[in-house]
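**Student:** Need coordinates for the following:
(chains A and B)
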Amino acid sequence: MYTVADLKKGLKIILDGDPYLVVAFDFVKPGKGQALYRTKMRNMINGSLLDRTYRSGESFEPASLEERTMEYLYKEGEHYTFMDQQTYEQVVMEEETLGDAKNYLLENLKVEVMLFGEKAIGISLPNFVNLRVTATEPWAKGDTSGNDSKPATVETGYVLRVPPFIEEGELIVIDTRTGDYSTRVKG
Amino acid sequence: MKMDALWLRANVIKTIRDFFWERGFLEVETPLLIPANAPEEHINPVVTLPSWQLQTSPELCMKRLLCGGHKKLFQISHCWRSNERGSRHLSEFTMLEWYRADCDYQALMVDCEELLQYIAKTCLPDNGYFEYNSLKINPFIPWERISIQEAFLHFGQVDVWECLRKGLYEEILTSIIEPALAKFDSPVILLDYPAELAALARTKPGDNELAERFELYLGGLELANGFSELNDPLEQRKRFEEANRVRSNIGQTVLPLPEPFLNILATMPPSAGIAMGIDRLVMLTAGSDSIDEIVAFTPEDL
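**Tutor:** Presented below is the predicted three-dimensional model:
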């Protein structure tokens, strides 16, 4: 068990059955008064924020979370299936839980799946992924309109801005932290 | 950034010394390692060697010097309070305390005004404003003085006694009153606290429910706590024992009583004393929102 003295940014605890991440913490103690421990926490399953104030003597159950490397297999409707290559265990995640991460999920991509007990509650992606451009306007040579980017669709269906010289069928590198085009993969 | 903060910190401390030296105060050093602090309900000393504690405040030794006949004293020293760590707290921090014999808490309020104006003139560039949470606080305009009960009634629409009874005092003070005090351009003094919140203070003449205690706030940040000193040893012993009773009820260790202090307290002239957090004063001078920015090392750095 954690006590109030363990509270700090980054601590993961269980509250009403859900795992929460402490995102902001401050110790408050008016002169001669009792100490208060003010926290802001994020529900690690649905992302909602919660403000809670605790006093000396309160305790918390640590949230044990496990990260496991899994491979993305396929999508069915809004359900995304991942598999642990060692144990062949499969987990399913909703599109809503995945958020923007769904834009980069190509079959066989290896990701880190965060597990709370049996439940998958999120994934972390590599910082950069390579995806092939499936549709974009051709580069009009001599175009002097000044546009330094154009829209392109990649094989996952994600649409982003790319430089004008990128052509259909090319492989590009995308930064998954920002969702932006990073560079072109030659060859 | 940190190097500038350390120069500023050194300058603030030197300026405090100049201020008190110019006014004829004796600068003292008293032991940091002591057998007993004043037992308080919510202050936990750091216990080191068996039967020895680090001081939570130099208060008791300073008062013993008043008993010895010294009239004006100040000290800048480190104090320790177990498990206090936040954006405004360090377990080991630096405290300024000063004491005046033959005075009450009103004299200390005047000292506070003069000290902060002196520091503003010496340590702050051009405009002389202190700053906290991007709020500017001008020490040269008239200071606001509000009784704690008025503050609770006016800003919180609640009675301070009722809050104490219901255990809501700290919550209301920190979530409603202090943010309201942050809206003042001048420093604010809250005064006349319920006696139970002032274990070492004298009560007001003719009203033993209220203590002659005040707190100084700048931008909603609590900077200093001063009071007219209790010099009745029987009453003081009773309050220490009561604090220990409360400690025992909330699962805290019962603390030893400072017997030599209690034995000599009857000889202390009517006096007033105050503690000011130097780290917070440096924060206000530097315009820092976090105590981490104005110390050479935090505990986590070590």
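**Student:** contacts, neighbours, all on C-alpha from now
**Tutor:** Fine.
**Student:** does the residue of chain A found nearest chain B count as helix, strand or coil?
**Tutor:** Relative to chain B, the nearest point of chain A is residue A:27 (4.5 Å; C-alpha to the nearest C-alpha). Recorded secondary structure, residue A:27: strand (DSSP: H, G, I helix; E, B strand; the rest coil).
**Student:** what's the burial count for it?
**Tutor:** Residues within reach of residue A:27, counting by other C-alpha atoms under 10 Å in any protein chain shown, total 24.
**Student:** show me the contacts for it.
**Tutor:** A:35, A:36, A:37, A:38, B:84, B:85, B:86, B:87, B:88, B:89 (C-alpha atoms under 8 Å, 6 or more residues apart in numbering or on different chains).
**Student:** swap in residue A:113?
**Tutor:** Counting by C-alpha under 8 Å, 6+ apart, residue A:113 touches A:67, A:68, A:69, A:70, A:120, A:121, A:122, A:123, A:124.
**Student:** Pull the number of nearby residues for the third one.
**Tutor:** Put plainly, it is residue A:69. A total of 17 residues lie near residue A:69 under the criterion other C-alpha under 10 Å.
**Student:** any idea which element the residue nearest to it when sequence neighbours are not counted lies in?
**Tutor:** Taking C-alpha to C-alpha, 6 or more residues apart in numbering or on different chains as the measure, residue A:69 lies nearest to residue A:112, with 4.5 Å between them; neighbours along the chain are not counted. Using DSSP states H and E, the element containing residue A:112 is strand A:110-116.
**Student:** Give the pairing partners of that strand; include direction for each.
**Tutor:** In its sheet, strand A:110-116 lies beside strand A:65-76 (antiparallel), strand A:119-124 (antiparallel), with partners assigned from DSSP bridges.
**Student:** what's the offset of it from the middle of its chain?
**Tutor:** The gap between the average C-alpha position of strand A:110-116 and the chain average comes to 10 Å, counting by C-alpha atoms, centre = their mean, to the nearest Å.
**Student:** coming back round to it: would a markdown table of the contacts of residue A:27 with pLDDT and distance to residue B:28 be doable?
**Tutor:** As requested, the contacts of residue A:27 are arranged in a markdown table below (pLDDT from 0 to 100; distance: C-alpha to C-alpha, whole Å):
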| residue | pLDDT | distance to residue B:28 |
| --- | --- | --- |
| A:35 | 93 | 31 |
| A:36 | 95 | 34 |
| A:37 | 95 | 35 |
| A:38 | 94 | 38 |
| B:84 | 93 | 26 |
| B:85 | 92 | 28 |
| B:86 | 92 | 29 |
| B:87 | 94 | 30 |
| B:88 | 96 | 26 |
| B:89 | 96 | 25 |
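**Student:** rewinding a little: quick one: contacts for the residue nearest to residue A:69?
**Tutor:** Taking C-alpha under 8 Å, 6+ apart as the test, what residue A:112 contacts is A:67, A:68, A:69, A:70, A:123, A:124, A:125.
**Student:** Residue A:49 is nearest to which of the strands paired with strand A:110-116?
**Tutor:** Each of the strands paired with strand A:110-116 was checked against residue A:49 via C-alpha to C-alpha, and the shortest separation belongs to strand A:119-124, namely 15.9 Å.
**Student:** Of all the residues in that closest one, which ones are buried?
**Tutor:** Within strand A:119-124, the residues scored as buried using 16 or more other C-alpha atoms under 10 Å in any protein chain shown are A:120, A:121, A:122, A:123, A:124.
**Student:** ok, residues contacting it?
**Tutor:** Residues lying outside strand A:119-124 but in contact with it, judged by C-alpha under 8 Å, 6+ apart, are A:44-45, A:91-93, A:97-98, A:101, A:111-115.
**Student:** go on, stretch A:176-185?
**Tutor:** With contacts defined as C-alpha under 8 Å, 6+ apart, stretch A:176-185 is touched by A:101, A:104, A:125-130, A:160-162, A:166, A:170-175.
**Student:** filter those to the buried ones?
**Tutor:** Among the contacts of stretch A:176-185, those classed as buried by 16+ other C-alpha under 10 Å are A:101, A:104, A:125, A:128-130, A:162, A:166, A:170-175.
**Student:** Tell me which two of the residues you listed sit farthest apart.
**Tutor:** Taking every pair in the buried ones among the contacts of stretch A:176-185 and measuring C-alpha to C-alpha, the maximum separation is 24.3 Å, between A:125 and A:166.
**Student:** Could you dump the contacts of residue A:27 into a markdown table and include distance to residue B:74, neighbour count and secondary structure?
**Tutor:** Rendered in a markdown table, the data for those read as follows (distance: C-alpha to C-alpha, whole Å; neighbours: other C-alpha atoms under 10 Å in any protein chain shown; DSSP: H, G, I helix; E, B strand; the rest coil):
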| residue | distance to residue B:74 | neighbour count | secondary structure |
| --- | --- | --- | --- |
| A:35 | 28 | 20 | coil |
| A:36 | 31 | 19 | strand |
| A:37 | 33 | 20 | strand |
| A:38 | 34 | 19 | strand |
| B:84 | 25 | 18 | coil |
| B:85 | 26 | 20 | coil |
| B:86 | 27 | 19 | strand |
| B:87 | 27 | 14 | coil |
| B:88 | 23 | 20 | coil |
| B:89 | 22 | 21 | strand |
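**Student:** What mean pLDDT does the lengthiest helix in chain B get?
**Tutor:** Determined from DSSP state H, the single longest helix within chain B is helix B:2-22. Helix B:2-22 shows an average pLDDT of 94 in the prediction.
**Student:** got it, and stretch B:239-253?
**Tutor:** 94.
**Student:** among the buried ones among the contacts of stretch A:176-185, which are in helices?
**Tutor:** Judged by DSSP H, the subset of the buried ones among the contacts of stretch A:176-185 located in helices is empty.
**Student:** wait, which of these is closest to residue B:152?
**Tutor:** When the buried ones among the contacts of stretch A:176-185 are compared for distance to residue B:152 (C-alpha to C-alpha), residue A:101 comes out closest, at 49.3 Å.
**Student:** Right, I'll call it a day here.
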